[in-house]
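Trainee: Dropping the sequence and predicted coords here.
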Amino acid sequence: MARAWRFGDSVNTDQIIPGRYNVTTDPADLGRACFIELRPEFHERVAPGDVIVAGSDFGCGSSREHAVIAIQAAGIAAVIAPSYGRIFYRNAINRGLPVLECPDCTGVEDQAEIHFDPSQGTLRDLGTGRVLRARPLPEFAQRIARHGGVLELVRAHGSLRGECGPLCAQNVGTQATQGESQSVH
C-alpha cells in the first residue's frame, strides 16, 4: 500500500531540496536529495505512489522548480495540504504533480498505509478509516497531470487546448495512472 509522509507547516523549497543540490537538473540526483536534511531517511524509505500530507503553506520560499522535480523523482504521487506557496503550487501543476487542498489534514499519521484517489480528492487511512476530502484538482490540472506536465500536453496536442481522444489516453499510459485511483506497494 501507499504510505503517508507527514510534514508540518511552512515546509519551504530549501527544506525540500537544499540549494547546494540545485547544480543539476537530473531528476534521479534531485530525488536522492529530496528532504535530505529535514527527513534524512526519506530517500531510502519512500516508495512510488506514496503521498505527502502536510501542514499549511507547503512549498513556500523560492521559486525553484527543482523542488517539484525532486518530489516527483522520489516517487511521490501527490501532495495534500491546506495551502501552498503560490509559485510552488503553479510549478507543481505545470510539471504534473497533483497538489490538492484539504483544509483539515489532521488524523493521518506519518507512515500510515493509505488509499489515494486524486480524481475524487480522497485519501483514506487504511488503519483508522479516516478519510481526508480534498478539493479535487480542476479538470485542466488533472489533464496536465495525466500527460506528465504542461510541456508533455503541448507536445501531444500542439497547444493547451487540443482535445484528448482515445489514442491520446492510450499514449499517455504511464502518466494516466496519476489520474486514477491507486493503492501502490
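Mentor: Happy to help now that I have it. Numbering: from 1, shown residues only.
Trainee: Helix or strand with the lowest mean pLDDT in the chain?
Mentor: Using mean pLDDT, DSSP states H and E, the weakest-scoring helix or strand in the chain turns out to be helix 166-172, at a mean of 52.
Trainee: Please tell me how far residue 55 sits from residue 114.
Mentor: 17 Å (Cβ to Cβ, to the nearest Å). Every C-beta, even on glycine, is put in place using the N, C-alpha and C of the backbone.
Trainee: Settle it for me: which of the two has more neighbours?
Mentor: Taking neighbours as other Cβ atoms under 10 Å, residue 55 and residue 114 compare with residue 114 leading, 27 against 16.
Trainee: Please report how far residue 7 lies from residue 108.
Mentor: Per Cβ to Cβ, residue 7 is found 12 Å from residue 108.
Trainee: Need the overlap of contacts for those two.
Mentor: residue 53 (Cβ atoms under 8 Å, 6 or more residues apart in numbering).
Trainee: Could you check how far the residue lying closest to residue 121 once chain neighbours are set aside is from residue 118?
Mentor: Once flanking residues are discounted, residue 121 sits nearest to residue 136: 3.7 Å by Cβ to Cβ, 6 or more residues apart in numbering. Using Cβ to Cβ, residue 136 is found at 7 Å from residue 118.
Trainee: shared neighbours of these two, anything?
Mentor: Counting by Cβ under 8 Å, 6+ apart, the shared contacts of residue 136 and residue 118 are 100, 142.
Trainee: Point out where the chain drops to low pLDDT.
Mentor: Within the chain, the set of residues satisfying pLDDT under 70 comprises 162, 165-185.
Trainee: which residues in the chain form helices?
Mentor: Using DSSP state H, the helices of the chain run over 13-16, 27-33, 42-45, 66-74, 86-95, 139-147, 150-157, 166-172.
Trainee: Go through the ones you listed and name the closest to residue 131.
Mentor: Of all these, helix 139-147 sits nearest to residue 131, with 19.9 Å by Cβ to Cβ.
Trainee: how far is the closest one from where the chain is centred?
Mentor: Centre-to-centre, helix 139-147 and its host chain are 13 Å apart (Cα atoms, centre = their mean, to the nearest Å).
Trainee: Send me it as CSV with only the CA atoms.
Mentor: C-alpha atoms of helix 139-147 as CSV (Å, rounded to 0.1, in the frame of the first residue of the first chain):
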residue,chain,number,x,y,z
GLU,A,139,-10.1,19.4,-14.9
PHE,A,140,-7.4,21.4,-16.6
ALA,A,141,-4.9,20.4,-13.9
GLN,A,142,-6.0,16.8,-14.0
ARG,A,143,-5.4,16.8,-17.7
ILE,A,144,-1.9,18.3,-17.3
ALA,A,145,-1.2,15.6,-14.6
ARG,A,146,-2.4,12.8,-16.9
HIS,A,147,0.1,14.0,-19.5
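Trainee: for residue 7, what are its contacts?
Mentor: Here residue 7 is in contact with 38, 39, 52, 53, 54, 55, 58 (criterion: Cβ under 8 Å, 6+ apart).
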